[in-house]
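> Coordinates for the following, if possible.
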Amino acid sequence: MLTLHAFYVAACAVVFAVVLVDTGMLLEPLQRAVREWHMRWYNTRWQSADEDGTPRQALNTEHFYWQGNDLDSRWWWKPLWGCVKCVAGQWALWGYLVRCCVLHDAYSPWQHAAFVSLTILFACILTKAYQWSQQ
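Predicted coordinates for the structure are as follows:
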């Protein structure tokens, strides 16, 4: 039963983090807007004035942005939306705890670790299957 739940969580994570943000899908405009907002925020942050009010020299901030300062390199982006394995792992981590509380099951750290691991494994397999189906 735990394996089936892990598969369900992995399937939902893949749909959320891979399928729905693909070109032309439901969440693609939202993710694009979030990425554009982050780039504008990054550019205005680095082109602001110094402490004494003098404007800073114009930098090629887009070059700096894509050299490791983009949204995909932020620590908070991957578990929220940017990495399907991270999303699946987060959902499995918290989902198992909620499942134990709601169903009043006995908590087992070994089952918890197995559930998270299986969910991440299923997410990798489903992501590869989706990518192969798109070729």
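
> Show me what whichever helix in the chain runs longest is packed against.
When the chain is parsed with DSSP state H, its longest helix is helix 109-134. In terms of contact count using 3 or more Cβ pairs under 8 Å, 6 or more residues apart in numbering; DSSP states H and E, helix 109-134 is assigned the packing partners helix 2-14, helix 84-103. Every residue, glycine included, has its C-beta placed from N, CA and C.

> Give me the contact list for the shortest one.
Residues outside helix 2-14 that contact it (Cβ atoms under 8 Å, 6 or more residues apart in numbering): 84, 87-88, 91-92, 95, 99, 111, 114-115, 118-123, 125-127, 130.

> Retrieve the pLDDT associated with residue 126.
Confidence per residue is given as pLDDT, and for residue 126 that number is 95.

> nearest spatial neighbour of it, skipping sequence neighbours?
In this structure, residue 126 finds its nearest non-sequential neighbour in residue 14, 4.4 Å apart by Cβ to Cβ, 6 or more residues apart in numbering.

> The one you found and residue 105, how far apart?
With the distance defined as Cβ to Cβ, to the nearest Å, residue 14 ends up 25 Å from residue 105.
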